[in-house]
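Chemist: Next one to model:
(3 chains)
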Amino acid sequence: MTAIELAAAVRSGHRSAVDVLEEHLARIDEREAEVHAFMTVTADSARASARRIDERVAAGDDPGPLAGVPLALKDNMCTRGVPTTCSSRILEGWRPPYDATVVERAVAAGAVIVGKTNLDEFAMGSSTENSAFGPTRNPHCLDRVPGGSSGGSAAAVAAGFAPLALGSDTGGSIRQPAALCGVVGVKPTYGRVSRYGLVAFASSLDQIGPFASTVADAAVLLEAIAGHDPLDSTSIQEPAPRLLDVLHQGVEGLRIGIIDELASAADPDVAARVTAAADALSAAGAKVDRATVPAAVYGLTAYYLIAPAEASSNLARYDGVRYGLRVDGADTTEMMRRTRSAGFGDEVKARIMLGTYALSAGYYDAFYGKAQRVRTLVRRDFAAAYEHFDVLLCATSPSVAFRLGEKADPLAMYRCDVCTIPTSLAGDAAVSVPFGTGADDLPVGVQVLAPALGEPVMFRVAAALEGAAS
Amino acid sequence: MSAEWETVVGLEVHVELATTTKLFSGAPNRFGDEPNTNVTPVCLGLPGSLPVLNRAAVELAIRLGLALNCEVRPSVFARKNYFYPDMPKDFQISQYDQPICVDGWLELPSGVRVGIERAHLEEDTGKSSHVGGADGRLHGSAYSLIDYNRAGVPLLEIVSRPDLRSSEQAREYAEELRAILVATGVSDARMEEGSMRVDANVSVRPAGSDELRTRCEIKNINSFRSLQRAIDHEAQRHIELYESGSAPRLETRHFSEDGRTHTLRSKEESHDYRYFPEPDLVSLDPDPAWVEEIRAALPALPAARRAAVAEATGASHDDATLLVARDLDGLVLAAAGAGAEPDRLLTHAVNNLADGPGCLTAPAFAALVRMETGGELTATQAKDVLAELVASGGDPAVIAAARGYEAMDSSELEALVDAAIADNADAWEKFCAGEDRVQGVFVGAVMKATRGQADGKAVNRILQARRG
Amino acid sequence: MISRRDVAEVAALARLDLTDAEIDHFTEHLVKVLEHAADIEQLDLDDVPPTSHPLPLVNVMRDDVVGSTVDRDEVLAAAPDVDEHRFRVPPILGDEP
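Modeler: Numbering: from 1, shown residues only, chains lettered A, B, ... in the order given. The predicted model follows:
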């Protein structure tokens, strides 16, 4: 059953939330050992929540649009009293004293939090192999990666552990794992969803978004969590978008552009699916043409200067003083150095150093400063493209899921994000929709991009694609 | 100070703003509470926490900027990155190349105009106490304890141009700035409590030149007096270095109570703060209408208040300064306006109102002084009644009556004076011969006889009349 | 191009201890990434303003009203070392910059 169907069943009393939960906990029991989607499974508190939902239904209350639906949360979102590790040793066992805004909203909508999922450490990576606590495996094929950094959340939905999950996307960390795992993954417009309680990686790029098996399920979750938050200064004033209403309006007359500059990035099997998607949309009445976003080719370079720069500053707070790991030292500086050296993995250290360098005196203008100007070019080029098109289309990931250990070269790993990064830089919205399979019968995702606040038209196209894929 | 050298001083002043909550969170901005009780996730830099700007802090920054004749500009917050345990995020949110106020000036009471380069908002750090070293000092401590109650308190950093030419001027500047901060309600600006912190940038140059030589930043100045001493010492140190063929290094030094400055014993560290615009905050562009509202609501500033009270009462510059510092100028002006004699008002204000007006009202003050100048009360009695008015308010006539301060009958007084003359024949001879100073003998005698209740002026009038 | 010495300096700035082997390893990594930075280095972007925010938001402020604070016990329970309700740290060398 989809999340929407489950919620309807629970609200009407047809099924109990407890029953729904136990079904999912059983699936977790069965396959979690081999998939390793979770850092923490919160079975006891989930059962208590599910019972409360059932009590409310019995009392004639409406617990909300996500009533009784199990929800998995990426382990970089603060959950009060529940370990929030960011898959890093430096936060191993840390229990936040507060909940992220999205957690409060999801719970208020009736969702039952079933656990915290694995990620690349501090959301830095594209395969979940950078987790300090072991990688997650792709449920479709266990010797393959699920993608990253939100690999655990994507795998949880793909394996049926939960119908819904939340992840975070900075350069593609929701969309790429969604594509590799064959599920729907959405990066909302920057500012749509509150970042309060999301452990920061790159503040001007991070966004929380939904994973689901269907476009409609992703829509209902996004509706529940989106909307202005006074605790986040970068949160836009708009209320949550109305998405379910527009999902089935079809694509008749919509103008859809296939991004030229990203066409050659994809492997042939993936490119073929993008072409098939374009054909399907055309057949459904959309006008499909070629689109150009020239600055997109600089996206990867700009991103790998901006994101590490912001991260180097955001991760300075992990110093052993107030929370998390502490390794003692003769003085505070030594304590901080030892703590951070022991607590951070290699990729995190590399990015911290890269970012520190990009911001340092004498290099700021050439690196961080330049990259932020390139970012303006990317935004302008997208805006220009959206003058002619309602949405844009491209691959999500250049390839299907690769093998664990396959991409040892960091640059090869970074290139996984070449199709997802440009939208992140622009701050626009994007969704990955499963669209058939590629090499080795592995899932392929096609990416629909929309201008800022363009979620409604984006979901329309996503729904149409989903219909065509089935 | 040798006539060959001129001192050049610029002051950097940090003040804690008088807001209810902190700069970026709703934690209380309060001093003296139990450690780590006035904190939110933002104050502790917890993972996932985000800053949200306090409108009142912006208003106070604008208010002070306008009081210092600054231009209020669109501004941006920036991260200043460095590691220190009292910094919850290991970066401070401050303002760097786009501060909120620029290009103002402050005119000292002595007339010198000092340029204000900029004023910007930033968050304060937590407070560390060091255990195990000498006197709680950092050096040689066994460990430190950190309280984050102060972390995130809004600060305004006010940077002057290096227009000050002496330690006296620097002190004047600091005192006048403080008076403005208090008058505008922007900060209570108490150096002893740390809500006003002054760092001095000191250099010297040959008298008459306009070069700017190497300066040293002096920190750890805890009072206006220390400020003066520190600048004097530092300037002298520079002069001695130059005169011995050497030169001061560009560095930061600590002022210690022994009157000297010392190089900070910090490890060699390149202070590359890697400033970049704060991505968790959006830019600030105060609405011109709001700025005008704030400007229109500015209270009278100390300079204007001093001028007003001096004009109305003939008060000297020093007395006018004292009155404004004690918040008595309004009272004195109102009482003078009600017809009370300005001289008496000033004398009482300067001598007998050390702690400010208390419960004393302008009508009561005016009435009291009228009773005094009309001869109903002696100066001593008036002082007494004044003290009661300050402590608990009331009507001077009622208080005087309750204490039995009735005006002495003039024939009673004359009889007492005559008795004093009779008892002190030798002194009377001297007095009649022109030795005015012996009149104290007779006044003293009358005062003794009346237990201090007689009106000294009336006694003198009678003596003069008797002398003829 | 970033040198081994740059990496060692930057590691110190970022409070990271690196072995010699690690310095070599990270230098290689950073060199590769920064080689790509050359693509944008030669672009003339003086007329293009930097984006620090994807959003056109301005003047986001809150009222000066006390909100909820965290539970001190909960916070201190998660702290590595606490004494007298304060966070305890080893001796601090050097004054605040």
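
Chemist: Name the residues of chain B found near chain A, please.
Modeler: Counting by Cβ under 8 Å from any Cβ of the partner chain, chain B comes close to chain A at B:41, B:44-53, B:79, B:81, B:83, B:85, B:88-91, B:144, B:146, B:267, B:272, B:274, B:276, B:279-282. The way it works is simple: take the backbone N, C-alpha and C, and place the C-beta from them, glycine included.

Chemist: Just the buried subset of those residues, written out for PyMOL, thanks.
Modeler: Here is the PyMOL command that selects only those of the residues of chain B next to chain A that count as buried (16 or more other Cβ atoms under 10 Å in any protein chain shown):
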select buried, chain B and resi 41+44+45+46+47+48+49+50+51+52+53+79+81+83+85+88+89+90+91+144+146+272+274+276+279+280+281+282
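
Chemist: For chain C, give me its nearest residue in chain A.
Modeler: Nearest to chain C in chain A, going by Cβ to the nearest Cβ, is residue A:427, at a distance of 2.5 Å.

Chemist: Relative to residue A:376, how far out is that residue?
Modeler: 11 Å (Cβ to Cβ, to the nearest Å).

Chemist: What of residue B:64?
Modeler: Distance, residue B:64 to residue A:376, by Cβ to Cβ: 35 Å.

Chemist: Ok, residue C:77 next?
Modeler: To residue A:376, residue C:77 is 46 Å away according to Cβ to Cβ.

Chemist: and residue 18, how many neighbours?
Modeler: With no chain named, the answer covers chain A. Residues lying near residue A:18 (other Cβ atoms under 10 Å in any protein chain shown) number 19.

Chemist: Can you look at chain C instead?
Modeler: 21.

Chemist: contacting residues for it?
Modeler: A:341, A:349, C:7-8, C:11, C:26 (Cβ atoms under 8 Å, 6 or more residues apart in numbering or on different chains).

Chemist: Repeat the analysis, applying 7 Å as the threshold.
Modeler: Residue C:18 sits next to C:11, C:26 when contact means Cβ atoms under 7 Å, 6 or more residues apart in numbering or on different chains.

Chemist: likewise residue A:164?
Modeler: Counting by Cβ under 7 Å, 6+ apart, residue A:164 touches A:3, A:69, A:71, A:111, A:210-212, A:217, A:221.

Chemist: what about the longest helix in chain C?
Modeler: For chain C, the longest helix by residue count, based on DSSP state H, is helix C:20-41.

Chemist: send the alpha carbons of it over as CSV?
Modeler: The C-alpha trace of helix C:20-41 is given here as CSV (Å, rounded to 0.1, in the frame of the first residue of the first chain):
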residue,chain,number,x,y,z
ASP,C,20,53.1,12.7,7.0
ALA,C,21,51.4,10.0,4.9
GLU,C,22,48.1,11.8,5.4
ILE,C,23,49.5,15.1,4.3
ASP,C,24,50.7,13.4,1.1
HIS,C,25,47.4,11.7,0.6
PHE,C,26,45.3,14.9,1.1
THR,C,27,47.7,17.0,-1.0
GLU,C,28,47.1,14.7,-3.9
HIS,C,29,43.3,14.9,-3.4
LEU,C,30,43.2,18.6,-3.1
VAL,C,31,45.5,19.1,-6.1
LYS,C,32,43.1,17.1,-8.2
VAL,C,33,40.1,19.2,-7.1
LEU,C,34,41.9,22.5,-7.5
GLU,C,35,43.1,21.6,-10.9
HIS,C,36,39.5,21.8,-12.0
ALA,C,37,39.2,25.1,-10.4
ALA,C,38,41.3,26.3,-13.3
ASP,C,39,38.1,26.1,-15.5
ILE,C,40,36.6,28.9,-13.7
GLU,C,41,39.7,30.8,-12.8
